[in-house]
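In: give the three-dimensional model of this entry:
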Amino acid sequence: MTEDFYDLLEIPSDASQDEIKDAYRQQVRVYHPDHNDDDRARSQFTAVKKAYDILGDPVERKAYDRMGHKDYVAKRTSGLPSPDVWKSTTKKADDTQSTADDSDEADSGTTFTYSDSEASSSSTTTGTTTSSGASGTGAATGAGSTRTTDHTTDSSRSTSSQTGTATETSDGTSGRTDNPLSRWWRRQNFSLPLIWLSVCLYVAGLAHFALANETGLEALLTELQAVGGDPEGILSALSSSRYGIDSSVEFLAAVEFVTPPLEALQWYGALAGVVGVTLAGLLGARLVRDRETWGAVSIDETIVVALAVAVTTTLVGGPLLAGAVLMPLLFGVIVRHTRRGPGWTPSYLYVLPVLAPAVGFALAAAGHATLATDFLTFVFFPIVGALGLPLRATIRKRFGR
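Out: Just a heads-up that it's a prediction; the model follows:
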């Protein structure tokens, strides 16, 4: 059973307009009566079209999000097909006949209901017929409610028709695969958890660095305590010596979580190949699913890429390198993803602080890194700056401001 229009289109509540359009196209290929012989296809397509008409309109979508599914449907639509039409059923002969009768009633604009239970498979018509040229696609409700007939239904169907084939569920009936796990996954918003995980991974990398340079950090702390609160003395202490603390490049070169099974160049090439194969697999999946490779990066694709990058970079340089690479990648994708949807449009300036470690690595590779620059590029900017986006998003989520 579907819960709301987002669930009907199998998209998260923060989906962008492009993602809504792509999801609608995919559902049309499945539920359009021209491609689907299931008795319920007509009402399923009606519901999908209504969901797209509302979510595809930014103004209506904001009203829908504000009012909630139940109130919006009650106040702004003339009803929708019962959620039971999405359930997979094994039709008996009399049930099939009853459904055919319901389909005839739908064509004539009569109120009808759908149910997959034996007791209620025969729909009872108890309402009256109304017409509305502005209501969008015709919608059906349960007994006692009315169904509107759109004067432009035929043209909408002809323009919405897409080339494709109907899919089948595990029980052989055409429609969507619907199980608790897939439904739960579709409804989750992984953007904020991904950001927090990348930040936590980077902090773990800093802790790893601190443990590996414990003696040098103790010497630096002793020197800073002797200087006291004098800013010039602190700056001099951080710039004059490294106190035995490795530079970031030296630290990464010494990290070895696993013994490379190949020569260094071949090992790095193999790890890069893992990321390359992952990207190629995602592009291939897009080509098969959508017949195109261009489009907005989805959160699912982001998770797969992030996993491949996290594993390979951790094998190369530990969690410090993994976090330094993942943070700008995830921050950039998620800011872009959020800006494409309605509501909040976060600035790309949130990405700049998490790019600071890349500057630190470049300074170390050029031999210009000091403890002062290391502190700014690896600790202050990435940690303080990285907290800005997740904290801002959390405040908006909790308090709506």
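In: tell me the spacing between Phe251 and Phe361.
Out: Using Cβ to Cβ, to the nearest Å, Phe251 is found at 10 Å from Phe361. Yep, even glycine has a C-beta here, placed from its N, CA and C like the rest.
In: count the residues that sit near Ser13.
Out: Per other Cβ atoms under 10 Å, the neighbour tally for Ser13 reads 14.
In: pull the contacting residues for it.
Out: Contact analysis of Ser13 by Cβ atoms under 8 Å, 6 or more residues apart in numbering lists 6, 65, 187, 189.
In: give me the neighbour count for the first one.
Out: Neighbouring residues of Tyr6 were enumerated by other Cβ under 10 Å; the total is 23.
In: for the third one, same thing?
Out: Residues within reach of Arg187, counting by other Cβ under 10 Å, total 15.
In: that one reaches Ile11, doesn't it?
Out: No. Using Cβ atoms under 8 Å, Arg187 is not in contact with Ile11; the gap is 9.5 Å.
In: pull the longest helix from this protein.
Out: Longest helix of the chain, by residue count under DSSP state H: helix 299-340.
In: which helices and strands does that helix pack with?
Out: Contacts defined by 3 or more Cβ pairs under 8 Å, 6 or more residues apart in numbering; DSSP states H and E place helix 299-340 against helix 17-31, helix 191-212, helix 248-254, helix 264-290, helix 356-366, helix 388-399.
In: any idea how far that helix is from the middle of the chain?
Out: Relative to the centre of its chain, helix 299-340 is centred 14 Å away, using Cα atoms, centre = their mean, to the nearest Å.
In: avg pLDDT for it?
Out: Per-residue pLDDT over helix 299-340 has a mean of 92.
In: what angle sits between that helix and helix 191-212?
Out: Orientation check (axes from the mean of the first three to the mean of the last three Cα atoms, to 10 degrees): helix 299-340 against helix 191-212 gives 110 degrees.
In: center of this protein, which residue is that?
Out: Ile299 (3.0 Å; Cα atoms, centre = their mean).
In: do I have it right that it meets Pro12?
Out: Yes. With contacts counted by Cβ under 8 Å, Ile299 reaches Pro12, the gap being 7.0 Å.
In: so what sits against both of these two?
Out: Common neighbours of Ile299 and Pro12 (Cβ under 8 Å, 6+ apart) are Asn189.
In: show me the shaky parts of the stretch 51-200 of the chain.
Out: For the stretch 51-200 of the chain, applying pLDDT under 70 flags the ranges 78-178.
In: how about stretch 202-221 as PDB, C-alpha atoms only?
Out: Output in PDB follows, covering the C-alpha atoms of stretch 202-221 (Å, rounded to 0.1, in the frame of the first residue of the first chain):
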ATOM      1  CA  TYR A 202      37.700  12.700   9.300                       C
ATOM      2  CA  VAL A 203      37.700  13.200  13.100                       C
ATOM      3  CA  ALA A 204      38.800   9.500  13.500                       C
ATOM      4  CA  GLY A 205      41.600  10.300  11.100                       C
ATOM      5  CA  LEU A 206      42.800  13.200  13.200                       C
ATOM      6  CA  ALA A 207      42.700  10.900  16.300                       C
ATOM      7  CA  HIS A 208      44.800   8.400  14.300                       C
ATOM      8  CA  PHE A 209      47.300  11.100  13.500                       C
ATOM      9  CA  ALA A 210      47.400  12.300  17.100                       C
ATOM     10  CA  LEU A 211      48.100   8.700  18.400                       C
ATOM     11  CA  ALA A 212      50.900   8.300  15.800                       C
ATOM     12  CA  ASN A 213      52.600  11.600  16.800                       C
ATOM     13  CA  GLU A 214      51.800  11.400  20.600                       C
ATOM     14  CA  THR A 215      55.400  12.200  21.700                       C
ATOM     15  CA  GLY A 216      55.700  15.200  19.400                       C
ATOM     16  CA  LEU A 217      52.300  16.600  20.400                       C
ATOM     17  CA  GLU A 218      53.300  16.300  24.100                       C
ATOM     18  CA  ALA A 219      56.500  18.300  23.400                       C
ATOM     19  CA  LEU A 220      54.400  21.000  21.600                       C
ATOM     20  CA  LEU A 221      52.000  21.200  24.400                       C
END
